[in-house]
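**Q** Turn this into a structure:
(chains A, B and C)
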Amino acid sequence: MSRASMLAARLLLLALALGLWEALPRLGWVDDEILPPFSAVFVTALQLLQRPAIHGDLVTTGLQLGAALIISVPTGVLLGILLAENKRLAQVCEPLLYFLFSVPKSIFLPLFILTLGISFWQKVAFGCFSTILIVLMSATAAVRSVREEHVLTARSYGATRAQITRHVYLPSMLPVLLEALRLAVIFSTTAVVLAEMYASRSGIGQQIASWGESFMMRQLFAGVLIVSVTAIVINEFIRWIENRCSHWRS
Amino acid sequence: MSPSAIRWLIGGILLVLWEVLPRAGLVPQLFLPALSQTIAVAIADWRIFAEALAVTLSEAAVALVFACGGGILAGALLGSVARLRGLLLPVVSSLYAVPLVVLYPVFTAWFGIGAQSKIAFASLYGFFPTLLGTAAGIQTIDAQLLVTARSMGATLSQRLRHVVLPAAIPTVIASLRLGGALVIVGVVVSEMLTSSAGIGYLITSYRTVLDSPRVYVGILLVLLLGVLLDLGMRLLEHAATRHRPSAVPRRAAPAI
Amino acid sequence: MKQALSERAVTERPMIEVIGLGHTYESRGVASRALEDIALTVQAGRFTVIVGPSGCGKSSLLMMMAGLRRQTEGTILVDGRPMLDPDPDRVGVVFQDANLFPWLSAIDNVAFPLMLRGLGRSERLDRASAMLELVGLGHAGARYPSELSGGMKQRVSIARGLVQDPPVLLMDEPFAALDEQTRMTMGEELLRIWSQTSKTVVFVTHSLSEAVYLADEVLVMSAHPGRIIDRIEVELPRPRTYEMMATATFGQLRDRIWRQIRSPQPGNPA
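**A** Got it, this is the predicted structure:
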């Protein structure tokens, strides 16, 4: 199958899924109080997006997410490079990090509330906590993905340290780092939304939780739709950059 | 000093600090109750915690069946049919970006605040990573081995039984390991959000009354559960992949 | 040694007959002639080497002989019967990679074809260990593939190809992945095994020296279209030795093959 027909097939699949979502309640097979039809949810979503209160929620969530990423990604990358460059440190820390990496982060959420209260920075902190390890470990992997032969070749042609960094390290590491960024966005989105749903005064996660508690199904589904579409769009955008930067990879 | 000795030392120092810092008043007891106090609470309330843990475990077990059953089947299908994989794998990995936790309110609205919602959410939570892991693992089965078996006159069923099945075992175990970890997190998270039983529920209700020691006990128990499960699965994995240097590629568990 | 050759000639009997074999495959709408007008006969007990540039269809030809790839034009007879499906009773196959099952020990790998046939465990293991003995790995039966070197793996693979005692052994660049030294040893070993078992061997390679060193007869193939452009009888005495590689005859034979491959002249004496 060609790429175009593959894409067409996927769009068809999406249309089928949305069609089914529309048809089930419309045909009365499912109570539309349980599953409102897609068109109704879509209209609700558009209406919600015009409400200032929802703007406020989205901005809050976005700010928390942005702050978490701005703090955790550079910190994680720096620590990761440090770890990759320092053999002794890596020997000691890596098993610990692997362990921490496999530990579920969400169960620590209550501790963030006990220490920081229910606040903006509590969510940012929890987002960082959930994200930093994946960034750190990806950065370590990125450094290690630089092939010794390439560095050696560059050095044999008299490349300076700066040139090696610019022309060997950066292009080798960039795809891995972008992948890390993509995962970081996924992880911190989940973390921030969960923190909002768990205990918060604002944010889109908090809204979704409260719509759920009051059985406002249209708004609930509209909220889920907004969050999902946004997450997918951001993810695909980073992936697009990733592909552009790593066209030379197989 | 060897790296592992240093690690033990770090662990030991952390435990000592956990005891000393709160006792000395350097860290508020609300933030960090002393280790001894936490353990004392765990022993005193063991029955309450054990009952909650039993609820969580039983729900996780059911969810594991759904998540891994579905994930392994769908993953095997996607892994072995190239055309299907080309069509759906990008879709699945796009969906992976969605923070699934937003769906939990939908489940509680549909199924009420009880075991059903938690099982539904945890199953979904474990499904996609299990699917992706299995699909990747099935693809690593060496096509040459199948040709070799064919050259010996192996029938289709013999090829499935003697080549595909043994080659897929490490993948299946790895998927169970990943799925098991995720399903436990899924149940605990849903219990923390909205529920009336289980260890996650316990953690949240102690948190709302600021009973730090009991919050810590709950969290430690979940961690312990995860570690034990992982250890068990790892032993199984080790036994099954003893002679295979390049078994299943390890996938990073999205432990959120 | 001349004596041995003529003795073999007395008992001549065609083991493999390829008649008018052709194959066209299509890729992106462009038809490409992978095999054209292949005709050859391999006498029982002979060691035939097919050599040619990559893409000349030599592996395709071998896979068709093994019944692993469908024949579209022409016929392949092995032991007088068409070869339409894999038949381990007539043909054993050794691939470029040893393709051992990583979850089975060496001896279980060798016994695998017998297991497929439903033989009892003790008989399986008896025959498999005899085969391992033949390839010089009698001591390594309990080891797993990950614990074997490249050469040892390929020996196990040969033992597996021989375990059902088929009259024909087809080998698809079996030593290509090995280092030069191992490759030499394996060549020697293979000739020893061949002389002990009197199998008919068809061996595909792209190494000219390997071809001359091993073969009774070398078939030279060209690419696009894949056809046989030369047949060379190697009349070096057996057992072959490493020293023969330095002789003038050896050099001339290798030179003749190289000229054919470099500038194929269709219609050359075949």
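**Q** residue nearest the centroid of the chain?
**A** I went with chain A, as the question did not name one. residue A:186 (1.6 Å; C-alpha atoms, centre = their mean).
**Q** you looked at the wrong chain, it should be chain B
**A** When C-alpha atoms, centre = their mean is applied to chain B, the residue found nearest the centroid is residue B:181 (0.8 Å).
**Q** if I look at that one, how far off is chain A?
**A** Here the criterion is C-beta to the nearest C-beta, to the nearest Å. By it, residue B:181 lies 7 Å from chain A. All C-beta atoms are positioned from the backbone trio N, CA, C, and that covers glycine.
**Q** tell me which residues in the one helix or strand that residue maps to are buried?
**A** Assigned by DSSP states H and E, residue B:181 falls within helix B:165-193. Buried residues in helix B:165-193, counted by 16 or more other C-beta atoms under 10 Å in any protein chain shown: B:166-193.
**Q** can you check stretch C:126-141 too?
**A** Buried residues in stretch C:126-141 (16+ other C-beta under 10 Å): C:127-129, C:131-132, C:134-135, C:137, C:140-141.
**Q** contacts for the host helix or strand of residue B:109?
**A** Using DSSP H and E, residue B:109 maps to helix B:104-111. For helix B:104-111, contacts defined as C-beta atoms under 8 Å, 6 or more residues apart in numbering or on different chains pick out A:34, A:197, A:208-209, A:211-213, A:215, A:217, A:220-221, A:224, B:116-117, B:120-121, B:189-190, B:193-194.
**Q** and the residue lying closest to residue C:72 once chain neighbours are set aside, what are its bridge partners?
**A** Spatial nearest neighbour of residue C:72, excluding adjacent residues (C-beta to C-beta, 6 or more residues apart in numbering or on different chains): residue C:23 at 5.5 Å. Beta-bridge partners for residue C:23, by DSSP bridges, are residue C:35.
**Q** how far off helix B:104-111 does the helix holding residue B:181 point, in degrees?
**A** If you take axes from the mean of the first three to the mean of the last three C-alpha atoms, to 10 degrees, helix B:165-193 sits at 90 degrees to helix B:104-111.
**Q** Would helix B:165-193 count as contacting chain C?
**A** Yes: Helix B:165-193 lies within reach of chain C by C-beta under 8 Å from any C-beta of the partner chain, at B:166-167, B:169.
**Q** and of those, the nearest to chain C?
**A** residue B:166 (4.8 Å; C-beta to the nearest C-beta).
**Q** tell me which residues in stretch B:94-112 are buried?
**A** For stretch B:94-112, the neighbour count (16+ other C-beta under 10 Å) marks B:94, B:96-109 as buried.
**Q** any idea how far that stretch is from the chain center?
**A** The chain centroid and the centroid of stretch B:94-112 are separated by 18 Å under C-alpha atoms, centre = their mean, to the nearest Å.
**Q** and it, C-alpha only, in CSV?
**A** Listed next in CSV are the C-alpha coordinates belonging to stretch B:94-112 (Å, rounded to 0.1, in the frame of the first residue of the first chain):
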residue,chain,number,x,y,z
SER,B,94,-0.6,8.5,18.5
LEU,B,95,-3.2,7.4,21.0
TYR,B,96,-0.5,6.7,23.5
ALA,B,97,0.0,10.5,23.9
VAL,B,98,-3.5,10.8,25.4
PRO,B,99,-3.4,11.1,29.2
LEU,B,100,-5.8,8.2,29.8
VAL,B,101,-6.6,9.3,33.3
VAL,B,102,-9.2,11.8,31.9
LEU,B,103,-11.3,8.8,31.0
TYR,B,104,-11.7,7.7,34.6
PRO,B,105,-14.6,10.1,35.3
VAL,B,106,-16.3,8.6,32.2
PHE,B,107,-16.0,5.1,33.7
THR,B,108,-17.3,6.2,37.1
ALA,B,109,-20.2,7.9,35.4
TRP,B,110,-20.9,4.7,33.5
PHE,B,111,-20.2,2.0,36.0
GLY,B,112,-20.5,3.8,39.3
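**Q** And the average pLDDT for it is what?
**A** Averaged over stretch B:94-112, pLDDT sits at 91.
**Q** Kindly report the same for stretch C:170-178.
**A** Averaged over stretch C:170-178, pLDDT sits at 91.
**Q** Next, the buried residues of it.
**A** Within stretch C:170-178, the residues that count as buried by 16+ other C-beta under 10 Å are C:170-175, C:178.
**Q** give me the element the closest residue to chain C within the stretch 1-150 of chain B is part of.
**A** Nearest residue of the stretch 1-150 of chain B to chain C: residue B:148, at 4.2 Å (C-beta to the nearest C-beta). Element membership of residue B:148, judged by DSSP H and E, is helix B:143-151.
**Q** for residue C:220, same thing?
**A** Going by DSSP H and E, residue C:220 is part of strand C:217-222.
**Q** same check, this time on residue A:112
**A** In the assignment (DSSP H and E), residue A:112 maps to helix A:109-116.
**Q** in chain B, which spans are helices?
**A** B:3-23, B:35-44, B:46-80, B:82-95, B:104-111, B:115-139, B:143-151, B:156-159, B:165-193, B:199-208, B:212-240 (DSSP state H).
**Q** no no, the stretch 101-250 of chain C
**A** Assigned by DSSP state H, counting those that start in this stretch, the helices in the stretch 101-250 of chain C fall at C:106-116, C:121-134, C:150-162, C:180-197, C:208-214, C:248-262.
**Q** closest to residue B:34 among the buried residues of stretch C:170-178?
**A** Comparing the buried residues of stretch C:170-178 against residue B:34 with C-beta to C-beta places residue C:178 closest, at 64.2 Å.
**Q** Contact partners for the nearest residue to that closest one once chain neighbours are set aside?
**A** Nearest non-adjacent residue to residue C:178, counting by C-beta to C-beta, 6+ apart: residue C:150, 5.2 Å away. By C-beta under 8 Å, 6+ apart, the residues touching residue C:150 are C:98, C:177-179, C:182.
**Q** show me what contacts residue B:146?
**A** Contacts for residue B:146 were tallied using C-beta under 8 Å, 6+ apart; they are B:159, B:163-164.
**Q** Between the residues of helix B:165-193 next to chain C, which sits nearest chain A?
**A** The closest of those, once distances to chain A are taken by C-beta to the nearest C-beta, is residue B:169, at 21.9 Å.
**Q** Grab the nearest non-local neighbour of that closest one.
**A** Among residues not flanking residue B:169 along the chain, residue B:240 sits closest, at 5.2 Å (C-beta to C-beta, 6+ apart).
**Q** Can you name the residues of the stretch 101-250 of chain B that neighbour chain A?
**A** Proximity of the stretch 101-250 of chain B to chain A (C-beta under 8 Å from any C-beta) is limited to residues B:101-106, B:108-110, B:181, B:184-185, B:188-189, B:192-194, B:200, B:203-204, B:207, B:210, B:212, B:215-216, B:219, B:222-223, B:226, B:230.
**Q** so where is chain A shaky, pLDDT-wise?
**A** For chain A, applying pLDDT under 70 flags the ranges A:1, A:246-250.
**Q** near chain B, which residues of the stretch 1-150 of chain C show up?
**A** So the stretch 1-150 of chain C meets chain B at C:66-68, C:85-89, C:91-93, C:95, C:97, C:99, C:101-103, C:105, C:112-113, C:115-117, C:144-147 (C-beta under 8 Å from any C-beta).
**Q** The residues you listed, buried ones only, as a PyMOL selection?
**A** Only the buried entries of the residues of the stretch 1-150 of chain C next to chain B go into this PyMOL selection, using 16+ other C-beta under 10 Å:
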select buried, chain C and resi 66+67+68+86+87+88+91+92+93+95+97+99+101+102+103+105+112+113+115+116+144+145
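**Q** any idea how the chain splits into domains?
**A** Reading this off chain A. If you go by automatic domain parsing, the domain ranges for chain A are A:1-35, A:36-145+A:172-249.
**Q** That was the other one, I meant chain B.
**A** If you go by automatic domain parsing, chain B breaks into B:1-29, B:33-241.
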